[in-house]
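> Task: produce atomic coordinates for the following.
(one chain, ligands or ions: 1)
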Amino acid sequence: MISETLRQAREFEEKYLPYALPEQPKFHVTGGVGWINDPNGFAPYKNEYHLFFQYYPYDTKWGPMHWGHVKTKDFIRWEHLPCAMAPDQEYDRDGCFSGSAVELPDGRHLLMYTGVRSVRSEDGKLEDFQRQCIAIGDGIDYEKIEANPVIDASLLPEGGSEHDFRDPKIWMEDGIFYAVIGNRTPDDSGAILLYKSEDAVKWEFVSFLSSCHNQYGKMWECPDFFELDGKHVLLTSPQDMTAIGLEFHPGNANIYILGSFDKRARHLKRQLVKAIDYGMDFYAPQTLLTEDNRRVMIAWMQNWETATCKLKELHFFGQMTLPRELSIRKGLLCQNPVRELEAYRGVRIDYQNVLINGEASLRGISGRCLDMTVTIRPGNENSLYKWFRLYVAQDGEHYTFIRIRPDTGTVKVDRTHSGFPHDIVNVREFPANLTDGILKMRIILDTYSMEIFINDGEQAASFVLYTPIEASAIKFSSDGSVLVDVEKYELVVEQ
Ligand code: FRU
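Purely as a prediction, here's the structure:
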């Protein structure tokens, strides 16, 4: 049975999607119409990959959260499906917050999410009550179960907050359901709690998988936990982070923790904590495991701090990153665009050993929907170049540049002149391996975004660009002599 609230959302989509579709990026997921934030329920289902997302169809700003829905066979071409859930029950009347999905052994599709009720307290403040809920469906329509909410305050460890208790990531292992959930702890920071259940209805608290202790931001949102190349990996998005060197940026940040899982204590022993993505627009990543055993991650390509900066003429706001394959190399969590993207490569243009000393542009190297790899090395044996810059999305007025500096071993991205309509920080700098002045970067451009993958994915950085689409020049510039190889493909994707 479809509620009135859900029916309205579906009717709205049907009416306005045709207006919004021509404005969309070519292969990055958006809601079609309206606002989106976190990816939800990113999981295989009946030989396809489904993706839901935090969604408010009626406006390009955050509102009572619904779950929007798309699916794909190859992570590049996506089909919009009708809105999957609306806030239509007493226990989720103020929002169906983030969550996840699994395919049940009997073929049904289970969604686990946070139901939110906001209640005005005696001192007049609105307070959220957050509890975990289940909906079950067939890939299009979902029924919220009678037993909801299935995890409430009674299942919190001592001192855990029922006001910040959200974003369950569920998985199945040996016939048992597990879920990791973000929670605020009595020290006012966050922790990731581990739960288990035999039927996804009756749950028990297992352990604190990992706790923040005010070290990496405050409340930890949107956890994901999995095994990869012999390590255990926890992804989470901390709120209120202060920058630590060039590693973590302030505000709503993102971290990965690599470690080993202590099976007895059910606790993750930390070995390394780093940023997942060093760009300005990356939050709330979620992963799935493909049939051929690849761990693929997708994230909201946006940042809460700049979520009011938007192009007024567009019917949608917010997009997802390109899905990325994860691996552990040289002790780091590395990420590269899904290999399926290569099937969409069109005309290839290649340059080798181009000597750049000053400014240069190369015939055929331009565009706003492309896959380009640039390899940089010193052009002079006796003196190392000082810096190298790559300008993209350029016209007489606009540009964004990526600058590398071998002396500091850093990559800096500056989108100050990209056409951003607000005065906010538009520069980000991060460390990269630039030994001997050599660096390889792969750049994916699609309409309103740029994603950068350094040295085969040792670092990634994602940026929204609100530059007019006609600004498509690409330029090279250096202080000192640099040798450059360029391999550029236009990307041709018809949705
Ligand atoms: C993260 C987040 C989640 C929450 C959702 C609400 O971006 O704050 O913690 O479930 O957004 O839309």
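
> tell me the phi and psi of residue 304?
The phi and psi values for residue 304, taken as degrees, to the nearest 10, are phi -60, psi -40.

> What residues does it make contact with?
By CB atoms under 8 Å, 6 or more residues apart in numbering, residue 304 lies in contact with 251, 252, 283. C-beta: built from backbone N, CA, C; applies to glycine.

> Please repeat the previous calculation with a cut-off of 7 Å.
252, 283 (CB atoms under 7 Å, 6 or more residues apart in numbering).

> so how far is stretch 229-236 off the chain centroid?
16 Å (CA atoms, centre = their mean, to the nearest Å).

> So which bits of it are buried?
The neighbour-count check on stretch 229-236 (16 or more other CB atoms under 10 Å) flags 231, 232, 233, 234, 235, 236 as buried.

> which stretch of helix or strand covers the residue of the stretch 251-400 of the chain found nearest the ligand?
Proximity to the ligand, evaluated over the stretch 251-400 of the chain using CB to the nearest ligand atom, is greatest for residue 284 at 4.7 Å. If you go by DSSP states H and E, residue 284 is part of strand 283-289.

> what does that strand contact?
38-39, 42-44, 49, 98, 100, 169, 221-222, 224, 226, 235, 237, 252, 254, 276, 295-300, 302-304, 326.

> Contact residues of the stretch 1-150 of the chain facing the ligand?
37, 38, 54, 65, 97, 98, 114 (CB under 6 Å from any ligand atom).

> you'd agree residue 198 is up against residue 176?
Yes - here residue 198 reaches residue 176: they are 6.3 Å apart, a contact under CB atoms under 7 Å.

> If you tally nearby residues, what's the number for whatever residue of the stretch 201-350 of the chain ends up closest to the ligand?
Shortest the stretch 201-350 of the chain-to-the ligand distance, computed as CB to the nearest ligand atom: residue-wise this is residue 221, at 3.7 Å. As a burial measure, residue 221 scores 23 neighbours (other CB atoms under 10 Å).

> what bridges to it?
Residue 221 has these beta-bridge partners by DSSP bridges: residue 237.

> Tell me the predicted confidence for it.
pLDDT, residue 221: 98.

> for residue 358, same thing?
97.

> Next up, phi/psi of residue 443, please.
Dihedral angles of residue 443 (phi, psi; degrees, to the nearest 10) stand at phi -120, psi 130.

> Do you know the pLDDT at it?
pLDDT at residue 443 comes out at 98.

> and it, how far is that from residue 472?
Using CB to CB, to the nearest Å, we find residue 443 at a distance of 13 Å from residue 472.

> wait, what's in contact with residue 237?
221, 222, 252, 254, 283, 284.

> repeat that with 8 Å
Taking CB under 8 Å, 6+ apart, we find residue 237 in contact with 220, 221, 222, 252, 253, 254, 255, 283, 284, 285.

> Quick check: closest non-adjacent residue to the third one.
Leaving out its chain neighbours, the residue that sits closest to residue 222 by CB to CB, 6 or more residues apart in numbering is residue 284, at 4.0 Å.

> which residues of the stretch 51-200 of the chain fall in helices?
Using DSSP state H, counting those that start in this stretch, no helices are assigned anywhere in the stretch 51-200 of the chain.

> show me what contacts residue 261?
Contacts of residue 261 by CB under 8 Å, 6+ apart are 227, 232, 267, 268, 269.

> Share the number of residues neighbouring the first one, please.
Translated: residue 227. Count around residue 227 with other CB under 10 Å applied: 11.

> In terms of helices and strands, where is it?
Residue 227 belongs to strand 220-228, assigned by DSSP H and E.

> I'd like the distance between the residue of the stretch 201-350 of the chain closest to the ligand and residue 82.
27 Å.

> Thanks a lot, see you next time.
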